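[1] this one's sequence-less:
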């Protein structure tokens with residue numbers, strides 16, 4: 001892969017995953033629940049506008065890597081790898097949230113209303129909470145892993161369209177998503193469009209730097225749409241979100257070759273654990289905030305809490321990988337531990353075949369490992 005593209009992907013992962021934290025920070029105000037004050041408008045601009053572009057671009061990047069690496073031509077190997085890198089973390093990291101929700105609902109702790117009901121016991125609700133099979137899982141952002149795996153299973157079908165009628169295939173995918181014809185196969189249907197676009201970019205060998213010269217105008221168009229969302233209570237639509245990578249990807253070129261990009265690339269390896277833990281950490285931050293003995297404006301909490309969550313997750317990731325390398329390798333889908341001070345990787349001894357199956361020390365997984 002082109003070095004500039006590889007570096008941009010690494011940078012994008014951390015930025016996009018961190019931006020999701022602001023969206024999921026309690027108490028999850030809907031767009032029409034926000035007022036017209038300046039803080040509310042800023043929150044709407046970012047949480048319901050700018051940061052909503054994260055999932056489409058992350059999805060497109062994931063598909064691009066799969067098809068650019070040639071894994072789409074080896075579906076069994078691809079599926080085995082994604083079971084390790086997507087399904088295993090999905091299951092493992094839903095369990096703590098399930099236990100908290102169950103105990104909270106059973107004993108009536110607090111007044112928070114959860115997305116899932118685990119008490120009284122209902123097998124369907126428990127299966128959904130664990131896997132996100134037909135509804136959001138307990139740790140609800142992990143629907144992304146569930147949907148991504150569903151799309152990976154469809155890779156042979158996408159490849160059939162891509163090698164015969166690629167742009168007709170795109171039209172078919174758009175129509176399927178627009179009219180929700182895929183049912184509950186994908187919980188967030190715009191992900192299918194983004195996935196196909198990423199695959200299209202790889203198989204048609206699009207020049208991913210071609211729009212860089214238009215980065216600023218495209219960014220301004222995107223920002224204007226987000227501003228209209230905030231001012232007019234007008235949610236970004238399915239198609240706009242699907243094409244948002246064409247505006248946000250070139251904008252990342254403005255950060256490349258800067259001190260900020262070097263800092264971001266250095267911490268990109270932490271992006272997956274940040275993604276897995278940001279909702280539980282956000283709930284803890286909210287609990288602390290609501291128990292403060294003095295008043296702090298919510299907007300200040302909304303600005304600062306995600307920064308604390310990111311710092312906590314990075315610290316936890318370093319400690320987790322250094323102290324329990326084998327456990328972290330499995331629970332994080334085979335992602336590499338941070339480099340030691342000497343520059344060598346503290347890679348654990350994995351069970352036979354696990355490294356190859358999980359893509360450990362082979363193709364880059366969805367959330368990256370940082371620069372090697």
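    Noted; the coordinates are in hand. All figures in this text were calculated on a predicted structure; none of them were measured in a lab.

[2] pLDDT of stretch 64-80, averaged?
    Mean per-residue pLDDT for stretch 64-80: 96.

[3] So for it, what gets flagged as buried?
    64-69, 71-72, 78-80 (16 or more other CB atoms under 10 Å). For glycine as for every other residue, the C-beta is placed from the backbone atoms N, C-alpha and C.

[4] what about that stretch, how long is it end to end?
    18 Å (CA to CA, to the nearest Å).

[5] sorry, back to before: and the buried residues of stretch 64-80 as CSV, adding distance to residue 200?
    Shown next, in CSV, are the buried residues of stretch 64-80 (distance: CB to CB, whole Å):
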residue, distance to residue 200
64, 9
65, 14
66, 12
67, 8
68, 11
69, 15
71, 16
72, 12
78, 18
79, 21
80, 25
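
[6] any chance of those in CSV, with secondary structure and distance to residue 260 too?
    What follows is the buried residues of stretch 64-80, written out as CSV (DSSP: H, G, I helix; E, B strand; the rest coil; distance: CB to CB, whole Å):
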residue, secondary structure, distance to residue 260
64, helix, 23
65, helix, 23
66, helix, 28
67, helix, 29
68, helix, 26
69, coil, 28
71, helix, 32
72, helix, 34
78, helix, 34
79, helix, 37
80, helix, 37
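
[7] which one of the residues you listed is nearest residue 57?
    Comparing those against residue 57 with CB to CB places residue 64 closest, at 10.2 Å.

[8] so what's the closest one closest to, chain neighbours aside?
    Nearest non-adjacent residue to residue 64, counting by CB to CB, 6 or more residues apart in numbering: residue 198, 4.1 Å away.

[9] And the pLDDT at the one you found?
    Reported pLDDT for residue 198: 98.

[10] And it, how far from residue 66?
    8 Å (CB to CB, to the nearest Å).

[11] same deal with residue 219?
    In terms of CB to CB, residue 219 sits 27 Å off from residue 66.

[12] Equivalent analysis for residue 167, please.
    20 Å.

[13] now swap in residue 295 and tell me
    Distance of residue 295 to residue 66, given as CB to CB: 49 Å.

[14] go on, residue 81?
    Counting by CB to CB, the gap from residue 81 to residue 66 is 10 Å.

[15] Could you list the low-confidence segments of the stretch 1-150 of the chain?
    111 (pLDDT under 70).

[16] all helices for it, in order.
    3-24, 38-47, 54-68, 75-82, 88-107, 123-131, 143-153 (DSSP state H, counting those that start in this stretch).

[17] right, so those helices: which one is the most enclosed?
    Ranked by mean neighbour count, those are led by helix 54-68 with a mean of 25 (mean count of other CB atoms under 10 Å).
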